[in-house]
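Student: Got a predicted structure plus its sequence, pasted below:
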Amino acid sequence: MVIRTIEQGLVKGKENDGVHSFLGIPYAKLTARWEPPEAPEAWEGVHDGSKFGNAAIQTVKNVEMEVEECEDCLNLNVWSVDVDANQPVMVWIHGGGFINWSSSMDEWNGAELSKNKVVVVSINYRLGPLGFAYHPEAGCNFAVLDWVFALTWVSRNIKQFGGNPDNVTIFGQSAGATAVRTLLCTPSANGLFHKAILLSAGFDDFTHVESPSLDRVKHYSDKFFDHLGTHDLAALRQLPIDDMKNEFKLFSGIRPQIDQLYTPANLIWCPVQDNKIVYSIESCPKHIPVIFGYTDNEARFFIRPHGVYGQPKIEDVSMLYNTKTLSATATLLGGQNASQIVRQLADLTPYEALDQLFTAAIWKEPALKSFYTFASLGIPSYMYCFARVSPASQASGELAYHCCDLPYLFGHVETGEKYDDTDTQLSKAIQYAVVAFTYTGIPRFTNDEPWPKVDCTHPRITMLTDVAEDEKLTISPLIQCINPAIGL
């Protein structure tokens, strides 16, 4: 048992396998819905850091979560092997489409990662309309303010856990990666972090699909308040949360109709450029190095061999995985280039074609576009593609799907039915690269050679397959069909 003193008071942690954990620490408090967070109150006695804090209100109940959902959710967790050291800090922002999940989930428990002599922090933040709705009297981007407040807490308190406040890396996956990208464009976060890692961001500027925008958030916020029966801010703040939950799923973007396929492009609630809190990508600090990454078959998390994410159970998935759906999806994601896209995918089954199309249009093309934008601004940029197919993924047909890289990053790869020795070694290589990045701003292979720093003239990518290796970055014909200007 270790007790540390922070600004609010004393925190008691627990120790397991050489790692000290301090869970559920309040980093801010909320006084009302759709208000900025405020400094947490001091407490008397000792805060029990042996259990996770409340999760944010979820749009879809997560049966794996063992914590309560509550509007009072602004808490964080810390893992450290040496509370008296001066280690780099890694702040994790979880994904979940900005409508689900929490920092307490096993997938991103930071204990194993912290054994690489880094302090790992994971945070909760407001989700769904509570975090991202717009009201003319209150504004929007409240979850962004939560992230900034959490980073401020880290800056002021992380020394007490063996962390260096002058060496902070923010990292996130999926919606969490979009949060990282947003913080790069948030002036109030300047100086609170020094490096950034974006894994499988799926909310960037789409080429053909309607992209997140302030107008879009305003539109859906109005419809959301219509369904709640009032636009009066004081009345909205007084509504019982249980009365609001039914509307959360209706306005989630998950669309569970039989004749539709879900992608992250459907999601409604997310951070947007409002030029008050969040600004354009051109406003990013130019000195902060960035790693971009994606998996080779992102879409197979959402369109699976035997089922569809967000859909009722379907006896025969061929009802959705057919040429008609492919043609309609190519039109949706490819615009006037739809016929070229269909021709590029002609040799594949409809299921395989939909997988490649979704992966290219929703993840790879936006990631490449962001990468070229960052590189053109002179921001030190690195890119990887995770393509390893574990024994379990091979057996299920899910391949290198969205989220499958997280066990490797967090060190949760154990040999057995799911993983083998190759997976264990790849996990070590990924952690080695990421930890090197947190220390120096340069990711490295296990032989200590640096990953290729990418520029627009000679783009290279680090491939994470059975081993980590770098190769020339090439733009696939499919991505060129989606966006002929990519890389030019």
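Tutor: In hand now; what should we look at?
Student: List the contacts of S122.
Tutor: L76, N77, V91, W92, H94, S103, W108, G110 (C-beta atoms under 8 Å, 6 or more residues apart in numbering). Glycine gets a C-beta too; all of them are placed from N, C-alpha and C.
Student: How about it: what's its closest non-neighbour residue?
Tutor: S103 (3.9 Å; C-beta to C-beta, 6 or more residues apart in numbering).
Student: Look up how far Y125 lies from that neighbour.
Tutor: 9 Å (C-beta to C-beta, to the nearest Å).
Student: Look at these two and report which has more neighbours.
Tutor: Per other C-beta atoms under 10 Å, whichever of S103 and Y125 has more neighbours is Y125, with 29 against 26.
Student: hang on, that one packs against C73?
Tutor: Yes. Assessed by C-beta atoms under 8 Å, Y125 is found in contact with C73 at 7.5 Å.
Student: Could you name every residue contacting both of those two?
Tutor: A56.
Student: Name the surrounding residues that touch stretch 340-360.
Tutor: Residues contacting stretch 340-360 (C-beta under 8 Å, 6+ apart): 261, 263, 294, 296-300, 302-303, 305, 317, 321-323, 325-327, 329-330, 333-334, 476-479, 481-482.
Student: Show me how to select, in PyMOL, the buried members of those residues.
Tutor: In PyMOL syntax, the buried subset of the contacts of stretch 340-360 is picked out as below (16 or more other C-beta atoms under 10 Å):
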select buried, resi 261+263+294+296+297+298+299+300+302+303+317+321+325+326+329+330+333+334+478+479+481+482
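Student: give the contact list for E137.
Tutor: L233.
Student: do the same with the one 5 residues further on
Tutor: Remark: with contacts taken as C-beta under 8 Å, 6+ apart, F142 is in contact with W34, E35, P36, R126, L130, G131, F132.
Student: what's the answer for A338, then?
Tutor: S327, A330, T331.
Student: Export those residues as TSV, with columns for distance to V413 and secondary structure.
Tutor: Output for the contacts of A338, formatted as TSV (distance: C-beta to C-beta, whole Å; DSSP: H, G, I helix; E, B strand; the rest coil):
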residue	distance to V413	secondary structure
S327	39	helix
A330	36	helix
T331	40	helix
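Student: Can you identify each of the strands in the stretch 301-450 of the chain by residue range?
Tutor: Along the stretch 301-450 of the chain, counting by DSSP state E, counting those that start in this stretch, strands occupy 303-304, 307-308, 381-386.
Student: Kindly compare burial across the ones you listed and name the winner.
Tutor: Most buried of those, by mean neighbour count (mean count of other C-beta atoms under 10 Å): strand 381-386, with a mean of 24.
Student: Output the contacts of A338 in a markdown table; the columns should cover pLDDT and distance to S393.
Tutor: Putting these into a markdown table (pLDDT from 0 to 100; distance: C-beta to C-beta, whole Å) gives the following:
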| residue | pLDDT | distance to S393 |
| --- | --- | --- |
| S327 | 88 | 29 |
| A330 | 88 | 26 |
| T331 | 86 | 30 |
